[in-house]
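S.K.: just to be clear, the model below is a prediction. Sequence and coordinates:
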Protein chains: 2
Amino acid sequence: MAGRTDWAQGFIAVDWGTTNRRAWAVEPGGEIRELLEDGMGVLKVPPGGYTGEIDRLRALWPGHRLLLAGMVGSNRGWVEAPYAAAPAGLDELIAALKRPTEDTVIVPGVSWLDGRDANVMRGEEVQLLGAVAAGLAPADGVICHPGTHAKWVRMEGGAIGPFRSVMTGELFSMLSRHGILQDRLAGEVSINDDFRAGAEHGLTNCDLTAELFSVRARFLLGVREDSASFISGLLIGADVRIGLDRFGGDNVALIGRSDLTALYAEALRLAGRDSTQLDGERAFLLGARAVAERLG
Amino acid sequence: MAGRTDWAQGFIAVDWGTTNRRAWAVEPGGEIRELLEDGMGVLKVPPGGYTGEIDRLRALWPGHRLLLAGMVGSNRGWVEAPYAAAPAGLDELIAALKRPTEDTVIVPGVSWLDGRDANVMRGEEVQLLGAVAAGLAPADGVICHPGTHAKWVRMEGGAIGPFRSVMTGELFSMLSRHGILQDRLAGEVSINDDFRAGAEHGLTNCDLTAELFSVRARFLLGVREDSASFISGLLIGADVRIGLDRFGGDNVALIGRSDLTALYAEALRLAGRDSTQLDGERAFLLGARAVAERLG
């Protein structure tokens, strides 16, 4: 096919999630150019719409291959890329790649299943393995990836081992939009004394569904606090407790949106743990490159 | 005023909540007749609409007084009846009654405040004190009232003492309508092995926000379960753990909707505790009568 290049000549990396999509040109020398960021998440693509959307991505940098990751490989996406079972490193991801066309690959998600202990991720695996490949996260250690469904992962020999998801982001978003706490969650979240009070509570108590109501009661009874920061701290404190209870870790590598990793770093500090922070976009591009390098 | 009777000649009792309203005629001999059940909760009453709504209630049994309880006395209701501070028994409720007109009373809610430990109830207080007045719940002991915001209450000398609310019902409803678990919550909840597995998990673990995601992952990975019953059990198990951790109780008096008290009774059984169940409507009417008797 005239003009088609191989992976070594650069490629288009696409992080295609449920609600958003981002695409970058990864140049042969490693230079990165952002090509696209839009709201065309997989839930927005109409039936039969993927052919046009893929053509649109190809047109962003004509003649280059496409590496797609995230929910685009789910059963609601373009072509389903079944989960690679953990433990899964780059080799396992590549063995489970889907190739819907000659010049596109879809990176699979990763699953964990041990009896009733079940978990899945899609998209984070590229970031985690990219960070480890670049030496920015430990090949053996604990990584936390905050987000809609925060992930706590034990890395084992450079591979994704057992992991757990916590619905922190989804619950915060739901409580912000519905029910009796939505008024209390209108403000911005800050790392302040109320955030820390919430985080301390979540780290040391086991009563999340009750403490959430207390926020409303304190407001009604005139006890003033920054409820949004308190509730964020409460949910993140509980999240960190759950992660540490399962995986331990004196030093946790945080990968994700920098506003979120900063909140988790503070909760970890309150729990007496160290952490490092790595931007999720950077980790994604490192991972996309690590995959592409192995494709030749 | 011609034709106006006093409380001893019977009255109209109204349980007026956020989304629903129910009214009964309480005859002098104690006979009860349901007069109305509709969806005209306080959030549905338009500005300026209470005069007409109160007239409509009066017309259900002309010439009789009105006893109103629930959210109608909140800051979103007709006339605000500020909370009576716990400990609060019938005398404290009556001392804090609001009398918007000569022939109507609004029963106040009850608050608990000890530093940051804050809580409120509106409507449940009538049920709790009615049950105790009738000897159907202990004057000294633990009562649980399941619902949108489940209440755990320590009764002390016949009065409502310290109490806590758990957002079990609100969270279950929210998860049923929004987010990744809504498909899993389409079915009916039953007391079956999956309900019990969820309840056992909630009673003995401290990882609610993670275990909720596992339900989704099990489904995606083909591990079959009755997710609605499991999640109901999980939330109720956590609720019961929170209540027992705070208030103890070898025998808990459950008051509320019979489908909910049955679920809580099963979770309490799994926790090794006894319980009794009392229908919330019956408790409300006992409480309304106990208040009216003291009004002469």
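M.R.: Great, that's in hand.
S.K.: mind listing what's buried in stretch A:198-213?
M.R.: A:198-203, A:205-213 (16 or more other CB atoms under 10 Å in any protein chain shown). Backbone N, C-alpha and C define where each C-beta goes, glycine included.
S.K.: where along the stretch 151-296 of chain A do the helices fall?
M.R.: A:168-177, A:193-204, A:208-220, A:227-247, A:258-270, A:280-295 (DSSP state H, counting those that start in this stretch).
S.K.: now flag whichever of the buried residues of stretch A:198-213 is closest to residue A:22.
M.R.: Relative to residue A:22, the closest of those is residue A:199; by CB to CB it sits at 30.1 Å.
S.K.: distance to residue A:87 added to the helices of the stretch 151-296 of chain A, as JSON lines?
M.R.: JSON lines is the format used below for those (distance: least, CB to CB, whole Å):
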{"stretch": "helix A:168-177", "distance to residue A:87": "25"}
{"stretch": "helix A:193-204", "distance to residue A:87": "29"}
{"stretch": "helix A:208-220", "distance to residue A:87": "31"}
{"stretch": "helix A:227-247", "distance to residue A:87": "14"}
{"stretch": "helix A:258-270", "distance to residue A:87": "24"}
{"stretch": "helix A:280-295", "distance to residue A:87": "17"}
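S.K.: enumerate every residue touching the spatially most central residue of chain A.
M.R.: Most central in chain A under CA atoms, centre = their mean is residue A:124, positioned 4.4 Å from the mean C-alpha point. Under the criterion of CB atoms under 8 Å, 6 or more residues apart in numbering or on different chains, the contact list for residue A:124 reads A:145, A:147, A:151, A:153, A:255.
S.K.: what's the most distant pair in those residues?
M.R.: Longest span within those, CB to CB: A:147 and A:153, 12.6 Å.
S.K.: please say which of these two ends up with more neighbours.
M.R.: residue A:153 (29 against 20; other CB atoms under 10 Å in any protein chain shown).
S.K.: state the distance from that one to chain B.
M.R.: 13 Å (CB to the nearest CB, to the nearest Å).
S.K.: quick check: domain ranges of chain A?
M.R.: A:7-137+A:285-295, A:166-279 (automatic domain parsing).
S.K.: want to throw these into TSV with distance to residue B:245 and mean pLDDT?
M.R.: Shown next, in TSV, are these (distance: least, CB to CB, whole Å; pLDDT from 0 to 100):
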stretch	distance to residue B:245	mean pLDDT
domain A:7-137+A:285-295	25	96
domain A:166-279	7	97
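S.K.: quick one: these as a markdown table, columns for distance to residue B:184 too.
M.R.: A markdown table is the format used below for these (distance: least, CB to CB, whole Å):
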| stretch | distance to residue B:184 |
| --- | --- |
| domain A:7-137+A:285-295 | 13 |
| domain A:166-279 | 13 |
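S.K.: ok, which of those domains comes nearest residue B:177?
M.R.: If you check each of the domains of chain A against residue B:177 by CB to CB, domain A:166-279 wins as the nearest, at 7.6 Å.
S.K.: is the closest one in proximity to chain B?
M.R.: Yes - using CB under 8 Å from any CB of the partner chain, domain A:166-279 reaches chain B at A:166-168, A:170-171, A:174-175, A:177-180, A:197, A:206-210, A:212-214, A:216-218, A:220-221, A:223, A:235, A:238-239, A:241-242, A:245.
S.K.: quick one, which of those are buried?
M.R.: If we count by 16+ other CB under 10 Å, those have these buried: A:166-168, A:170-171, A:174-175, A:179-180, A:197, A:206-210, A:212-214, A:216-218, A:220-221, A:235, A:238-239, A:241-242.
S.K.: residues contacting the closest residue in space to residue A:188 that isn't next to it in sequence?
M.R.: Nearest residue to residue A:188 in three dimensions, chain neighbours excluded: residue A:228, at 6.7 Å (CB to CB, 6 or more residues apart in numbering or on different chains). By CB under 8 Å, 6+ apart, the contact set of residue A:228 is A:184, A:185, A:186, A:187, A:188, A:189.
S.K.: the nearest residue in space to residue A:288 that is not next to it in sequence: what's it in contact with?
M.R.: Counting by CB to CB, 6+ apart, residue A:288 lies nearest to residue A:13, which is 3.8 Å off, once chain neighbours are set aside. Residues near residue A:13 by CB under 8 Å, 6+ apart: A:23, A:24, A:26, A:67, A:69, A:284, A:285, A:288, A:289, A:292.
S.K.: cool, and residue A:280?
M.R.: Applying CB under 8 Å, 6+ apart, the residues near residue A:280 are A:127, A:145, A:255, A:256, A:257.
S.K.: so residue A:200 sits against residue A:237, correct?
M.R.: Yes - using CB atoms under 8 Å, residue A:200 is in contact with residue A:237, at 6.6 Å.
S.K.: who touches both of those two?
M.R.: residue A:270.
S.K.: does residue A:138 sit in a helix or strand, and which one?
M.R.: Assigned by DSSP states H and E, residue A:138 falls within no helix or strand.
S.K.: roughly how far apart are it and residue A:123?
M.R.: Remark: distance between residue A:138 and residue A:123 (CB to CB, to the nearest Å) = 21 Å.
S.K.: now swap in residue A:76 and tell me
M.R.: Residue A:76 sits 13 Å away from residue A:123, going by CB to CB.
S.K.: out of these two, which sits in the more crowded spot?
M.R.: Ranked by neighbour count (other CB under 10 Å), residue A:76 and residue A:123 place residue A:123 first, with 24 against 13.
S.K.: which residues does the more buried one contact?
M.R.: A:15, A:17, A:69, A:70, A:71, A:109, A:284.
S.K.: buried subset of those residues?
M.R.: A:15, A:17, A:69, A:70, A:71, A:109, A:284.
S.K.: quick one: which of the residues you listed is nearest residue B:102?
M.R.: Nearest member of the buried ones among the contacts of residue A:123 to residue B:102, counting by CB to CB, is residue A:17, at 62.2 Å.
S.K.: chain center to stretch A:132-142: distance?
M.R.: 16 Å (CA atoms, centre = their mean, to the nearest Å).
S.K.: start and end of that stretch, how far apart?
M.R.: Across its full length, stretch A:132-142 reaches 11 Å between end residues, using CA to CA, to the nearest Å.
S.K.: give the buried residues for it.
M.R.: For stretch A:132-142, by 16+ other CB under 10 Å, it's A:132, A:133, A:134, A:136, A:137, A:138, A:141, A:142.
S.K.: contacts for it?
M.R.: A:90, A:128, A:131, A:143, A:152-158, A:243, A:247-249, A:251-253, A:255, A:276, A:278, A:283, A:286-287, A:290.
S.K.: can you do 7 Å?
M.R.: A:90, A:128, A:131, A:143, A:152, A:154-158, A:247-249, A:252-253, A:255, A:278, A:286, A:290 (CB atoms under 7 Å, 6 or more residues apart in numbering or on different chains).
S.K.: mark which of those residues are buried, thanks.
M.R.: The buried subset of those (16+ other CB under 10 Å) comprises A:90, A:128, A:131, A:143, A:152, A:154-155, A:247, A:249, A:252-253, A:255, A:278, A:286, A:290.
S.K.: between these, which sits nearest residue A:99?
M.R.: Comparing those against residue A:99 with CB to CB places residue A:90 closest, at 16.6 Å.
S.K.: so the closest one touches residue A:290, yeah?
M.R.: Yes - using CB atoms under 7 Å, residue A:90 makes contact with residue A:290 at a distance of 5.9 Å.
S.K.: and for the two, which residues touch both?
M.R.: In contact with both residue A:90 and residue A:290: A:129, A:133, using CB under 7 Å, 6+ apart.
S.K.: can you give me the strands for chain A?
M.R.: A:11-16, A:21-26, A:32-38, A:65-70, A:84-85, A:98-101, A:104-106, A:110-114, A:117-121, A:141-145, A:150-156, A:159-166, A:251-256, A:274-279 (DSSP state E).
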